[in-house]
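K.L.:
what's the 3D shape of this:
(one chain, ligands or ions: 2)
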Amino acid sequence: MACPEKQLQRISKQFQICGELIHAVPLRIGHINETWSATYSQGGARVRYIHQKLNRSVFRNPPAVMKNVVRVTGHIREKLEARKASDITRRCLVLIPTWDGHSCYRDAKGEYWRTFIFVEGARTFQAAQSPRQAFEAGRAFGEFQVHLVDLPGGRLLETIPDFHNTRKRFASFQKAVANDRFNRARNARPEINFALEREGFVDVILNAMAGGRLPERVTHNDTKFNNVMLDSKTGRALCVVDLDTVMPGCALYDFGDMVRSTTSPVCEDERDLSRIRMQMPMFRKLAEGYLSAVGRFLTRGERSLMAFSGKLITFELGLRFLTDYLTRDSYFRVHRPGHNLDRCRAQFKLVESIERQEEKMQAYADRL
Ligand code: GN1
Ligand code: MG
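P.N.:
Ligands and ions are numbered 1, 2, ... in the order given. Below you'll find the predicted structure:
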């Protein structure tokens, strides 16, 4: 993540921040955007902000991303203010506008930069440490969906069209195997077969949505456990971050990605596959937390696919990592050779574990 301090100095001057930039550190979070935490001196106090450069090859229309983020954060903030919540700047991301009033800054190279208030006294984790944390994640993403049920101003823009279209993801995977441009398919035969054997369920949610059996909602679409900020003192969820893929979707995409990223004890790129499993106590608390927030509006159809969605989205991510491996890692940032294949293997191992427990998981959700 090369970004000399000088460049960041220049960028940071574009935003409505009063103070001098003292230093900035790159944050190794996410596989897509580039993020820095920057410390400023302001009237003698130290304050931190987040500066982020959007990945333009993933987000083809950065102004659309920013439009959505402004609408979503503005709406949640209004709701928190209306109910006189305390600590609002830690409960919802706050964008710092540029001096000329824009939500982001476009530099001479055409790169888009934005700035958020740094949420102090909070932590994120790569993997959930306890069922209580799983509950908090479920509740936080559930509340996020609840807040956005009445978002005014029409449909959000689709920042990445077909983001959770598992059929299209499957088709891209098939194409990558057929072309095998980088001669990598030979390293991934078992994974390719694993994926091919499961084509049968890729359309379930798509068909239910197309047939009107599942509603479209405003969803987060990237509900990874490390996108929940937990208060360092109380352990309670404060807010969810990474709002670039908030757009029209299915509530189950969110729940499914929570199952993927919260119920296994290890990170999504764990190489010791024997450590990967869907842990029922984590699932129970995750489902309880989620339903504690959305229980009132979730339809029967949505409820009935909660366990399935965990399997589907874990499979979808496995497919995406595998496709990216086969096409020489052009999408997800990698930190070692074979990284995307490791990620794929970890997802598929988790899919198997969910398959073994799917009935039990759904039976539990049905009882809640
Ligand atoms: C990417 O960059 P990050 O970690 O927030 C990806 C998600 C994946 C996730 C897997 C825009 O998110 O869809 O679930 O990696 N984001 C995009 O770790 O593709
Ligand atoms: Mg993301």
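K.L.:
pLDDT (mean, whole number) over the longest helix anywhere in the chain?
P.N.:
In the chain, taking DSSP state H as the definition, the longest helix is helix 339-367. The average pLDDT for helix 339-367 rounds to 98.
K.L.:
buried residues in it?
P.N.:
The neighbour-count check on helix 339-367 (16 or more other C-beta atoms under 10 Å) flags 339-354, 357, 361-362, 364-365 as buried. Bear in mind the C-beta positions are built from the backbone N, C-alpha and C, glycine included.
K.L.:
And ligand 1, is it touching that?
P.N.:
No: Helix 339-367 does not reach ligand 1 (C-beta under 6 Å from any ligand atom); its nearest approach is 7.5 Å.
K.L.:
what number of residues lie near Q126?
P.N.:
15 (other C-beta atoms under 10 Å).
K.L.:
ok, the closest residue to E199 other than its chain neighbours - contacts?
P.N.:
Distance criterion C-beta to C-beta, 6 or more residues apart in numbering; nearest residue to E199, sequence neighbours excluded, is F170 at 6.2 Å. Neighbour list for F170: A195, E199, V202, L319 [criterion: C-beta atoms under 8 Å, 6 or more residues apart in numbering].
K.L.:
wait, the last one sits on A171?
P.N.:
No: with contact taken as C-beta atoms under 8 Å, L319 and A171 are classed as non-touching, separated by 10.2 Å.
K.L.:
which of these two has more neighbours?
P.N.:
Set L319 next to A171 and count neighbours by other C-beta under 10 Å: L319 wins out with 25 against 13.
K.L.:
does that one belong to a helix or a strand, and which?
P.N.:
If you go by DSSP states H and E, L319 is part of helix 306-326.
K.L.:
V146 now?
P.N.:
Counting by DSSP H and E, V146 is found in helix 131-147.
K.L.:
any idea of the angle the helix or strand following that helix forms with helix 306-326?
P.N.:
Proceeding N to C from helix 131-147, the next assigned helix or strand is helix 166-179, under DSSP H and E. If you take axes from the mean of the first three to the mean of the last three C-alpha atoms, to 10 degrees, helix 166-179 sits at 30 degrees to helix 306-326.
K.L.:
Could you see whether ligand 1 lies near helix 166-179?
P.N.:
No: contact of helix 166-179 with ligand 1 (C-beta under 6 Å from any ligand atom) is absent, the minimum separation being 10.6 Å.
K.L.:
Go through that helix and flag the buried ones.
P.N.:
T166, R169, F170, S172, F173, Q174, A176, V177.
K.L.:
For the chain, which segments are assigned as helices?
P.N.:
Going by DSSP H, the chain shows helices at 5-12, 62-82, 88-91, 131-147, 166-179, 189-197, 204-210, 251-262, 280-294, 300-304, 306-326, 339-367.
K.L.:
how about the fourth one: buried residues?
P.N.:
If you call a residue buried by 16+ other C-beta under 10 Å, then helix 131-147 has these buried ones: 131, 133-145, 147.
K.L.:
Same question for the first one.
P.N.:
The neighbour-count criterion (16+ other C-beta under 10 Å) identifies L8, I11, S12 as the buried residues of helix 5-12.
K.L.:
re the thing from before, just the buried residues of helix 166-179 now: which is nearest ligand 1?
P.N.:
For the buried residues of helix 166-179, the closest approach to ligand 1 (C-beta to the nearest ligand atom) belongs to R169, at 10.6 Å.
K.L.:
show me what contacts the closest one?
P.N.:
R169 neighbours (C-beta under 8 Å, 6+ apart): V202, E316, L319, R320, T323.
K.L.:
so which of those are also by ligand 2?
P.N.:
The subset of the contacts of R169 lying close to ligand 2, counting by C-beta under 5 Å from the ion, is empty.
K.L.:
Need those in a markdown table (columns: distance to F297).
P.N.:
Putting those into a markdown table (distance: C-beta to C-beta, whole Å) gives the following:
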| residue | distance to F297 |
| --- | --- |
| V202 | 27 |
| E316 | 24 |
| L319 | 30 |
| R320 | 29 |
| T323 | 34 |
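K.L.:
What pLDDT does the model give F194?
P.N.:
pLDDT, F194: 98.
K.L.:
Can you name the residues that contact the closest residue to it other than its chain neighbours?
P.N.:
For F194, ignoring the flanking residues on the chain, the nearest one in space by C-beta to C-beta, 6+ apart is F348 at 5.2 Å. Shown in contact with F348 (C-beta under 8 Å, 6+ apart): E191, F194, A195, F315, G318.
K.L.:
The first one contacts L341, correct?
P.N.:
Yes: counting by C-beta under 8 Å, L341 is a contact partner of E191 at 7.2 Å.
K.L.:
Need the residues touching each of those two.
P.N.:
In contact with both E191 and L341: L322, using C-beta under 8 Å, 6+ apart.
K.L.:
which residues does the nearest residue to C104 once chain neighbours are set aside form a beta bridge with?
P.N.:
Excluding its sequence neighbours, the residue lying closest to C104 (C-beta to C-beta, 6+ apart) is R114, at 4.2 Å. Beta-bridge partners recorded for R114 (DSSP bridges): Q52.
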